[in-house]
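Visitor: what follows is a predicted protein model with its sequence.
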Amino acid sequence: MGVDVWVRRPGVLAGVWDAQLVAQAADSAPVSAPTARAPVEPDSGDVAALWDNLRTEVRTCTKCALHQTRTQGVLGVGPRRVDWMVIGEAPGAEEDRRGEPFVGRAGHLLDAMLHAIGLNRGTNVYIANVLKSRPPGNRDPKPEEVAACLPYLMRQIALLQPRLMLAVGRIAAQNLLSTDLSLGRLRGKVHHFGELNTPLIVTYHPAYLLRQPADKAKAWEDLKFARSVFRQLTDRVGTDGDLS
Ligand code: URA
């Protein structure tokens with residue numbers, strides 16, 4: 001399964017995770033293997049149009065000053081109907097250039113992390129950011145930028161209706177949960193987001209993990225926690241009917 005990615009790239013994935021992941025390999029079945037979710041309907045014309053409008057609006061958005069320095073707004077990547085949604089902070093230089101979230105070094109690590117629990121942006125996880133435009137020099141988002149951009153994220157979430165959200169990094173977690181609690185205080189719990197009360201779990205940002213590889217072990221705990229929460233959610237759907 002995806003675990004080999006973590007093991008194969010010792011430069012990025014060195015240390016305790018390698019050993020743990022080798023040991024855990026047998027337990028790394030994809031999280032989104034068949035579930036009791038309603039059969040996937042093909043995009044209706046209306047839904048496809050809503051996505052297309054959203055992508056165009058975001059790419060050309062001028063709601064905050066960031067449009068003056070960014071190349072393009074970056075909406076997100078992944079299938080339009082998924083159980084998992086990952087939310088980061090904001091596009092970096094490479095993302096700004098290519099128009100896709102998490103395609104730089106941190107993105108490679110994020111892909112490896114997701115792969116280890118059976119998730120892949122091409123098939124079963126949608127990846128987006130709180131901010132759609134790159135802040136110059138990758139500085140932290142300003143509150144007014146977040147306020148201007150959040151409606152786009154809300155529209156994405158409304159269209160996707162994910163079963164589980166994973167916030168990566170302090171900035172994403174604090175903005176989504178409207179809190180100033182530290183990342184350490186937010187990890188290890190199931191929070192809930194928005195009107196749909198979508199379960200939300202918090203873990204480290206992959207860029208942080210590149211700087212602090214010793215914390216990869218804790219991130220792996222978070223991913224396993226998220227996987228087990230997801231399995232419980234889908235089991236409940238299977239036995240008790242609709243969760244909502
Ligand atoms: N960091 C983020 O939070 N998002 C990206 O898309 C890239 C780096």
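Guide: Received, thanks.
Visitor: what about the helices in the chain?
Guide: For the chain, the helices defined by DSSP state H occupy 3-8, 16-24, 45-59, 93-98, 105-116, 143-160, 170-177, 183-186, 206-211, 216-240.
Visitor: so for the fourth one, mean pLDDT?
Guide: The average pLDDT within helix 93-98 is 98.
Visitor: list the contacts for the residue sitting nearest the centre point of the chain?
Guide: Centroid-nearest residue in the chain, with CA atoms, centre = their mean: Val86, separated by 1.0 Å. Val86 makes contact with 110, 114, 125-128, 165-166, 168, according to CB atoms under 8 Å, 6 or more residues apart in numbering. From N, CA and C alone the C-beta is placed, and that goes for glycine too.
Visitor: in the protein, which residue sits nearest the ligand?
Guide: Gly88 (2.9 Å; CB to the nearest ligand atom).
Visitor: leaving out sequence neighbours, find the closest residue to Ala128.
Guide: Leaving aside its chain neighbours, Ala128 sits nearest to Gly76 (3.5 Å; criterion: CB to CB, 6 or more residues apart in numbering).
Visitor: for the helices of the chain, could you give me CSV that also reports mean neighbour count and distance to Asn197?
Guide: Compiled in CSV, the helices of the chain are given as follows (neighbours: other CB atoms under 10 Å; distance: least, CB to CB, whole Å):
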stretch, mean neighbour count, distance to Asn197
helix 3-8, 18, 32
helix 16-24, 16, 30
helix 45-59, 14, 22
helix 93-98, 18, 30
helix 105-116, 22, 23
helix 143-160, 17, 12
helix 170-177, 22, 13
helix 183-186, 16, 17
helix 206-211, 18, 27
helix 216-240, 17, 12
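Visitor: select from the ones you listed the stretch with the lowest mean pLDDT.
Guide: Mean pLDDT is lowest for helix 3-8 among these, at a mean of 30.
Visitor: Arg185 and Phe225, how far apart?
Guide: Per CB to CB, to the nearest Å, Arg185 is found 15 Å from Phe225.
Visitor: for this structure, what lies in contact range of the ligand?
Guide: 88-92, 95, 101-102, 106-107, 129, 207 (CB under 6 Å from any ligand atom).
Visitor: mind redoing it with 5 Å?
Guide: Proximity of the chain to the ligand is confined to 88-89, 91-92, 95, 101-102, 106, 129 under the rule CB under 5 Å from any ligand atom.
Visitor: my guess is the residue of the chain closest to the ligand contacts Val168, does it?
Guide: Yes: using CB atoms under 8 Å, Gly88 is in contact with Val168, at 5.0 Å.
Visitor: overlap in contacts, the two.
Guide: Listed contacts common to Gly88 and Val168 are 110, 205; contacts here mean CB under 8 Å, 6+ apart.
Visitor: and these two? Which one has more around it.
Guide: Neighbours were tallied for Gly88 and for Val168 using other CB atoms under 10 Å; the higher tally belongs to Val168 (29 against 26).
Visitor: so who does that one touch?
Guide: 86-89, 110, 203-206.
Visitor: quick one: those as a markdown table, columns for distance to His192 too.
Guide: Output for these, formatted as a markdown table (distance: CB to CB, whole Å):
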| residue | distance to His192 |
| --- | --- |
| Val86 | 17 |
| Ile87 | 14 |
| Gly88 | 20 |
| Glu89 | 21 |
| Leu110 | 23 |
| Thr203 | 17 |
| Tyr204 | 21 |
| His205 | 21 |
| Pro206 | 24 |
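Visitor: taking the residues you listed one by one, which sit in strands?
Guide: 86-88, 203 (DSSP state E).
Visitor: I'd like to know which of those residues is nearest to Gln72.
Guide: Gly88 (16.8 Å; CB to CB).
Visitor: report the contact partners of that closest one.
Guide: Counting by CB under 8 Å, 6+ apart, Gly88 makes contact with 101-102, 110, 127-130, 168-169, 172, 205.
Visitor: just flag the most distant two among those residues.
Guide: Greatest spatial distance in these: Leu110 and Val130, 15.0 Å, computed using CB to CB.
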